[in-house]
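Q: prediction below, plus the sequence it came from.
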Amino acid sequence: MLRIGSAQGFYGDDVTKALPMIEGGHVDVVCFEALAELTLAILRNDMLKNPARGFTWDIPIIAEQILPAAFKRGIPLITNGGGLNPTGAAEVVRAKAAQLGLHGLKIATVTGDDLLPRLPDLIAEGERFTNMDTSAPLSLDGPPIVTASAYLGAFPIVEALRQGADIVITGRVADPCLYLAPMIHRFGWGADDWNRLAAGIVAGHLLECTGQVVGGNSLALVDEIEPDALAHLGYPIAEVKESGEFVLTKVPGSPGKVSLETAKEQLLYEIHDPSAYITPDVIANFTTLRLAADGPNRVRVTGVTGRPRTDSLKVNVGRFEGYSRELIFTLGWPQVRRKVQQLEGMIREAWAGLAIERCTFTYLSVNSLYGSLGALPDDPLELAVRVTATARDPQTLKQAVRRMMALGLSGPAGMSVSGLTVGADPRPILGLWPALISRDKVQPRIDICEVEV
Amino acid sequence: MNKQEQPVRRLYDLAYGRSGDKGDICNVSVIARSSEAYAELKAKLTPERVKAHLASLVKGTVERFELDNIEAFNFVLHEALDGGGTRSLRIDALGKSMAGALLYMEWEE
């Protein structure tokens, strides 16, 4: 059996949740999943300011607070928090490990996912990067491209583990494949053992959002789970057998709950066709599996099936499309409806002639989440109006705000503007362009260095 | 109790769920609270009905996937997040609350 802990589900998650898993002897390996769709663009911004960056800030925390305890017990750590710069992340880990006296620690990096420097060549070679949603081919003209990362699979990590890595730092590896890798390594599953690979993917998918499978973001447990438990959830663990069967559980004795309900909620989280969950390593079928209660906080998962992987890998291209700005105005009784009309009309008039591309007016707690399912009351007691606008350049938005604020004493009676939004800078807009690339055009690379003290 | 005082029955009474994003696509799981509820939803919670309920939020098509094994559905809503990611001007750009919007559907059957 292999026990896999999950201690990170996004950039900024509480990675110290790995400590009770490691120190309590509950896991054989811990994975840290750090990359959401937009995270790489955030990291690109960091890297433009400082070329030595481009990895997540979680990496130095893992190196300082988790790695010593894990290394002592021979528990490998696997993270995709290397982001756009796994090599830079490895250097930070190496320096910290040397300082902590972790002699002989092996640090592996997995790279080759970042296609940005290769984009012109790849297009010249015939790759079209057709948008999976709109079917449009990618053009290098237009808004600047800031990221182009292929989703790698588990096998480069497997190779790093085979070479004895104590910590594996990768770039854009597909979330569940981080978790699949140690299973392939431990059990020697074949690259075409589709049912077992698919079972590992399901385990990874259930683990990859940490708190969300132990009571966080759970509508099923809304009446049951207490606020103090939410603040201290024990993070999930999968106990996987060589056959691919596994039990989903969490750190023993920790707050939270693993149940059939939390497993179902997470199983269907951010997926498309449940009979064809496409990953770089296998296409997993979620419609054949069985979930069974296996004692308190334990759910047994069996019967996962899989099909051969595709010939392509997904690539997410990030384009920098402009800026957005948000302001919140408050209005109180009386005559709220009339005053909203005045506010919106006044703003549109003030912005006349500015190159504003999109503009929205929504009412917080009325229709900002659920659209027309919500309706403004006939005579509201109070109202918060959220105004957003976009433009190609930040100066347009700054001017828009200046023009609006200049009307501060000319506006509807009793209006105020939220202090939180007045001084803010325009926010960059990143458009995502999902595409595919031939698998043989992407060559993952594994490097290993050993810490000398 | 007369008719006005009866609480409105909603999809939430039959199911729970969770939602999330992939670009401008939002997916919503609808997980039946009982086998009877699953059968009823399978017959009546059509993609057309979901699309009509969420018309002001979802500009594209709605796909429904069934999971008999766990008595649940996955609804995939296209062009559902005002462009998605940082392109979206919604306060909930990632669609975390979309499950609630769907479960709010009145269920008179």
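A: Noted; the coordinates are in hand.

Q: what helices or strands is the longest helix along chain B leaning on?
A: Identified as the longest helix of chain B according to DSSP state H is helix B:35-44. Contacts defined by 3 or more C-beta pairs under 8 Å, 6 or more residues apart in numbering or on different chains; DSSP states H and E place helix B:35-44 against strand B:25-32, strand B:72-77. For every residue, glycine as well, the C-beta is placed using N, CA and C.

Q: go through those and name the closest to A:G244.
A: strand B:72-77 (21.9 Å; C-beta to C-beta).

Q: quickly check: that closest one near chain A or not.
A: Yes - judged by C-beta under 8 Å from any C-beta of the partner chain, strand B:72-77 comes into contact with chain A through B:72, B:74, B:76.

Q: what sits against the first one?
A: By C-beta atoms under 8 Å, 6 or more residues apart in numbering or on different chains, the contact list for B:A72 reads A:264, A:268, B:29-32, B:38.

Q: so which two of those residues are the farthest from each other?
A: A:L268 and B:Y38 (13.9 Å).

Q: okay, these two: which has more neighbours?
A: A:L268 (27 against 23; other C-beta atoms under 10 Å in any protein chain shown).

Q: which residues touch the closest residue to that one other than its chain neighbours?
A: Closest residue in space to A:L268, ignoring its immediate chain neighbours: B:S29 at 3.5 Å, by C-beta to C-beta, 6 or more residues apart in numbering or on different chains. Taking C-beta under 8 Å, 6+ apart, we find B:S29 in contact with A:264-265, A:268-269, B:17-19, B:72-75, B:99.

Q: could the residues you listed go into CSV alongside pLDDT and distance to A:L119?
A: Formatted as CSV, the contacts of B:S29 follow (pLDDT from 0 to 100; distance: C-beta to C-beta, whole Å):
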residue, pLDDT, distance to A:L119
A:K264, 98, 40
A:E265, 98, 38
A:L268, 98, 34
A:Y269, 98, 31
B:G17, 98, 39
B:R18, 98, 35
B:S19, 98, 33
B:A72, 98, 40
B:F73, 98, 39
B:N74, 98, 33
B:F75, 98, 35
B:A99, 98, 37
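
Q: now the buried members of the residues you listed.
A: Neighbour counting by 16 or more other C-beta atoms under 10 Å in any protein chain shown classes A:264-265, A:268-269, B:17-19, B:72-75, B:99 among these as buried.

Q: and of those, the nearest to A:G81?
A: Among the buried ones among the contacts of B:S29, and counting by C-beta to C-beta, the member closest to A:G81 is A:Y269, at 20.6 Å.

Q: now the closest one: how far from A:I278?
A: 16 Å (C-beta to C-beta, to the nearest Å).

Q: can you check A:E382 too?
A: Taking C-beta to C-beta, one finds A:E382 at 48 Å from A:I278.

Q: between those two, who's got more neighbours?
A: A:I278 (19 against 11).

Q: excluding chain neighbours, give the residue nearest to the more buried one in space.
A: A:T310 (6.5 Å).

Q: got it, and B:G23?
A: B:G84 (4.3 Å).

Q: residues from the stretch 101-250 of chain A in reach of chain B?
A: Checking the stretch 101-250 of chain A against chain B by C-beta under 8 Å from any C-beta, the hits are A:133, A:212, A:217-220.

Q: about what we covered before: OK, contacts around the residue nearest to A:I278?
A: With C-beta under 8 Å, 6+ apart, A:T310 has these contacts: A:278, A:283, A:439.

Q: how long is stretch A:31-42 from one end to the other?
A: 22 Å (C-alpha to C-alpha, to the nearest Å).

Q: how about stretch A:3-17?
A: 15 Å.

Q: is chain B contacted by it?
A: No - looking at stretch A:3-17 against chain B by C-beta under 8 Å from any C-beta, there are no contacts, and the closest approach is 11.1 Å.

Q: where does the prediction get shaky in chain B?
A: Along chain B, segments meeting pLDDT under 70 span B:1-5, B:109.

Q: can you give me the strands for it?
A: Along chain B, the stretches classed as strands by DSSP state E are B:15-16, B:19-22, B:25-32, B:62-67, B:72-77.

Q: same question for the stretch 351-453 of chain A.
A: A:358-364, A:382-391, A:416-417, A:427-438, A:445-450 (DSSP state E, counting those that start in this stretch).

Q: can you say which of those is nearest to A:V158?
A: Per C-beta to C-beta, nearest to A:V158 of the strands of the stretch 351-453 of chain A: strand A:445-450, 9.8 Å.

Q: longest strand in chain A, please.
A: Per DSSP E, chain A has its longest strand at strand A:312-332.

Q: quick one: is the helix or strand just after that one near chain B?
A: The C-terminal neighbour of strand A:312-332 among helices and strands, as given by DSSP states H and E, is helix A:336-350. No - counting by C-beta under 8 Å from any C-beta, no contacts exist between helix A:336-350 and chain B, the nearest distance being 14.7 Å.

Q: buried ones in helix A:336-350, by neighbour count?
A: Within helix A:336-350, judged by 16+ other C-beta under 10 Å, the buried ones are A:336, A:339-340, A:343-344, A:346-347, A:350.
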